[in-house]
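Colleague: Requesting a structural model of the entry that follows:
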Amino acid sequence: MMAVYEPIKGCSDEKEDAGMANPEGIRRDDVDVEAAAAIQISEPTSTIVACDPIEEDPLPVPPQKSQPGQRLASLDVFRGLTVVLMILVDDVGGLLPAINHSPWDGLTLADYVMPFFLFIVGLSLALTYKKLSCRELSCRASATRKTLLRTLKLLVLGLFLQGGFFHGVNNLTFGVDIEQMRWMGILQRIGMAYLAAAVCEIWLKGDDHVTSELSVFRKFRFQWAVVLVLVILYISLLYGLYVPDWEYQIPVVASSSELKIFSVKCGVRGNTGPGCNAVGMIDRKLLGIQHLYRKPSCARTKECSINSPESGPLPSDAPPWCQAPFDPEGLLSSVMAIVSCMLGLHYGHIIVHFQEHRDRIRQWIIPSFCLLFLGLSLDFFGMHLNKDLYTFSYMCVTAGAGGILFTGIYVLVDVYGYRWTTMVFEWIGMHALMIFILLACNILPILIQGFYWKQPQNNLLSLIGV
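Modeller: Coordinates of the predicted model:
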């Protein structure tokens with residue numbers, strides 16, 4: 001079972017209310033749940049009850065107002081759908097380039113996965129901390145310590161799963177040279193975004209009483225100030241930093257001990273190409289080029305692959321940066337990833353402070369379409385959609401799409417009550433972290449492959465063609 005952690009209610013010892021009851025019968029005090037913050041921050045419940053359909057009407061009549069007592073099933077469905085999408089693009093993306101990650105500029109189905117997870121994390125946090133209203137410093141400090149511990153566990157888990165310790169399917173060896181370990185990754189980015197959003201929710205929540213749409217922004221005005229600062233910081237660094245010439249080394253194919261040096265000529269500001277952008281420069285300076293991802297998607301661009309957008313041999317006139325490491329979950333790009341999480345946090349605030357379905361849907365759908373329009377407009381005027389750089393336009397489009405998709409799921413599942421149509425996604429969403437580790441990180445195939453008959457090639461995976 002996927003563990004859950006208890007929503008923080010403050011410093012009191014009150015019992016959980018009926019609306020937050022544990023549906024699985026698990027004592028929350030007895031389970032270790034912090035690692036679930038990566039993909040399943042919590043299993044929050046919402047104040048939603050679907051009305052029984054009127055027998056004379058073939059369509060169910062949605063309730064006008066939500067009532068306490070039932071979990072927010074649409075959030076589980078959204079999480080499960082995102083996990084399925086992640087597994088689909090990982091396993092099929094190589095066969096269907098149209099759904100694989102875009103080599104550089106552009107947007108494909110796979111490029112929605114990370115922003116959707118971040119959006120879900122933020123939305124879950126709003127529900128988790130909705131009872132944190134105590135003003136005592138010790139109470140908020142305690143919540144912060146727990147957040148730091150969860151973040152640390154996420155970082156360690158990310159290093160273990162994606163730092164290079166496992167060598168992948170069809171390779172029974174394991175272990176990694178710490179000098180070559182990849183520091184960043186999916187769980188590390190989610191952990192950073194989770195930490196930033198959780199700290200903002202713990203410490204930067206006003207005491208204003210919410211009575212209207214405008215009062216929501218007033219209550220969380222300091223959080224929106226953080227969002228504004230992060231956006232300005234990211235854009236300023238991306239377009240303002242000077243990127244000098246740089247070089248890197250890779251082993252010669254014939255001999256692993258002999259190194260070949262490549263020099264990349266830059267000397268520019270504001271470049272958003274694969275070789276001379278500020279995102280890569282910051283990672284090379286702070287993390288070290290030997291700790292970056294060595295199979296970046298930019299290696300599938302037309303400049304670097306004769307089979308673009310698929311992987312392939314280098315063209316004869318390939319630029320020198322084609323074989324350079326580049327981390328799509330780098331430091332500067334994670335700044336904008338935090339903004340995605342903060343936007344999800346705002347959508348969660350709408351659930352907490354508004355009970356009418358109509359109010360919630362209106363306050364979700366309008367900003368979602370505004371974000372979508374803003375992102376597409378920026379792309380048209382030159383700020384391209386780019387997942388590896390996590391550009392502002394990319395953040396807007398994916399956040400808007402996430403808001404629209406979540407709103408649709410909410411209407412289908414929690415308003416009209418069609419949960420039976422999404423039961424599989426809901427179950428996956430309730431066990432998201434376990435599925436991510438076993439399938440998306442190839443832990444299950446590696447474990448199965450470890451049992452073979454006489455030769456490593458004679459294993460269960462070989463029988464199904466993996």
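Colleague: Would you mind naming the helix or strand containing I351?
Modeller: Using DSSP states H and E, I351 maps to helix 331-353.
Colleague: and the stretch of helix or strand S142 belongs to, average pLDDT?
Modeller: In this assignment (DSSP H and E), S142 forms part of helix 137-162. Within the predicted structure, the mean pLDDT of helix 137-162 is 89.
Colleague: what helices or strands is it leaning on?
Modeller: helix 186-203 (3 or more C-beta pairs under 8 Å, 6 or more residues apart in numbering; DSSP states H and E). For the C-beta atoms, the positions are set from N, CA and C on the backbone; glycine is no exception.
Colleague: From the chain's centre, how far out is the helix it packs on? Work that out for me.
Modeller: Relative to its chain's centre, helix 186-203 lies at 11 Å (C-alpha atoms, centre = their mean, to the nearest Å).
Colleague: So for whichever helix or strand comes after it, what gets flagged as buried?
Modeller: Scanning forward in sequence from helix 186-203 by DSSP H and E, the next helix or strand is helix 213-219. Neighbour counts over helix 213-219 (16 or more other C-beta atoms under 10 Å) mark 216, 219 as buried.
Colleague: Quote the end-to-end distance of stretch 347-367.
Modeller: 10 Å (C-alpha to C-alpha, to the nearest Å).
Colleague: Could you tell me how far it lies from the centre of the chain?
Modeller: 22 Å.
Colleague: repeat for stretch 224-231
Modeller: 19 Å.
Colleague: how far off helix 331-353 does the helix or strand following the helix holding I351 point, in degrees?
Modeller: Downstream of helix 331-353, the first helix or strand assigned by DSSP H and E is helix 357-380. For helix 357-380 against helix 331-353, the angle between stretch directions is 160 degrees (axes from the mean of the first three to the mean of the last three C-alpha atoms, to 10 degrees).
Colleague: Could you give me the buried positions within the next helix or strand along the chain from helix 357-380?
Modeller: Using DSSP H and E, the helix or strand that follows helix 357-380 in sequence is helix 392-410. Of the residues in helix 392-410, 392-407, 409-410 count as buried by neighbour count, 16+ other C-beta under 10 Å.
Colleague: swap in stretch 337-355?
Modeller: Those would be 337-355, for stretch 337-355 by 16+ other C-beta under 10 Å.
Colleague: For the strand ranked longest in the chain, give me every contacting residue.
Modeller: Ranked by residue count under DSSP state E, the longest strand found in the chain is strand 255-264. Residues from elsewhere that reach strand 255-264, judged by C-beta atoms under 8 Å, 6 or more residues apart in numbering: 245-252, 275-276, 319-321, 323-324.
Colleague: Just name the closest of the residues you listed to T211, please.
Modeller: C276 (50.5 Å; C-beta to C-beta).
Colleague: The closest one - that's part of a strand, no?
Modeller: No: with DSSP: H, G, I helix; E, B strand; the rest coil as the criterion, C276 is coil rather than part of a strand.
Colleague: Report how many residues lie close to it.
Modeller: 21 (other C-beta atoms under 10 Å).
Colleague: That one contacts C266, correct?
Modeller: Yes: with contact defined as C-beta atoms under 8 Å, C276 reaches C266; the gap is 3.8 Å.
Colleague: list residues touching both of these two?
Modeller: V243.
Colleague: Only the C-alpha atoms, please, for stretch 98-106, written as CSV.
Modeller: Taking Å, rounded to 0.1, in the frame of the first residue of the first chain, the C-alpha atoms of stretch 98-106 are listed here in CSV:
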residue,chain,number,x,y,z
ALA,A,98,5.8,12.1,-31.7
ILE,A,99,5.2,11.4,-28.0
ASN,A,100,8.9,11.3,-27.0
HIS,A,101,10.5,14.3,-25.3
SER,A,102,11.1,17.1,-27.8
PRO,A,103,14.8,17.2,-28.8
TRP,A,104,14.9,20.9,-27.9
ASP,A,105,12.3,23.6,-28.7
GLY,A,106,8.7,22.4,-28.9
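Colleague: Confidence-wise, which helix or strand of the protein is lowest on average?
Modeller: Within the chain, no helix or strand scores below strand 45-46, which has a mean of 40 by mean pLDDT, DSSP states H and E.
Colleague: Of the contacts of strand 255-264, grab the buried ones for ChimeraX.
Modeller: Buried residues among the contacts of strand 255-264 (16+ other C-beta under 10 Å), as a ChimeraX selection:
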select :246,248,275,276,319,321,323,324
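Colleague: Nearest to I446 among the contacts of strand 255-264?
Modeller: Using C-beta to C-beta, the contacts of strand 255-264 come closest to I446 at P251, 25.1 Å.
Colleague: Centre of the chain to the helix or strand that contains that closest one, how far?
Modeller: Secondary structure assignment for P251, by DSSP H and E: strand 246-252. Counting by C-alpha atoms, centre = their mean, strand 246-252 is centred 31 Å from the centre of its parent chain.
Colleague: One more: stretch 323-330?
Modeller: For stretch 323-330, the distance to the chain centre is 18 Å (C-alpha atoms, centre = their mean).
Colleague: Give the buried residues for the longest strand of the chain.
Modeller: Neighbour-count burial for strand 255-264, counted by 16+ other C-beta under 10 Å, picks out V264.
Colleague: Which strands border the next helix or strand along the chain from it, and is each parallel or antiparallel?
Modeller: The helix or strand immediately downstream of strand 255-264 is strand 268-269, counting by DSSP H and E. Here strand 268-269 has these sheet partners by DSSP bridges: strand 242-243 (antiparallel).
Colleague: roughly how far out does the strand it pairs with sit from the chain middle?
Modeller: The answer for strand 242-243 is 29 Å, by C-alpha atoms, centre = their mean.
Colleague: hmm, who's touching it?
Modeller: With C-beta under 8 Å, 6+ apart, strand 242-243 has contacts from 266-269, 271, 276-278, 281.
Colleague: tell me the mean pLDDT for it?
Modeller: Here the average pLDDT along strand 242-243 is 97.
Colleague: Same question for stretch 199-211.
Modeller: 87.
Colleague: quick one: buried residues of that stretch?
Modeller: For stretch 199-211, by 16+ other C-beta under 10 Å, it's 199-202, 205, 210.
Colleague: Can you name the two of the residues you listed that sit furthest apart?
Modeller: Distance extremes for those: the farthest pair is V199 and V210 at 21.3 Å, using C-beta to C-beta.
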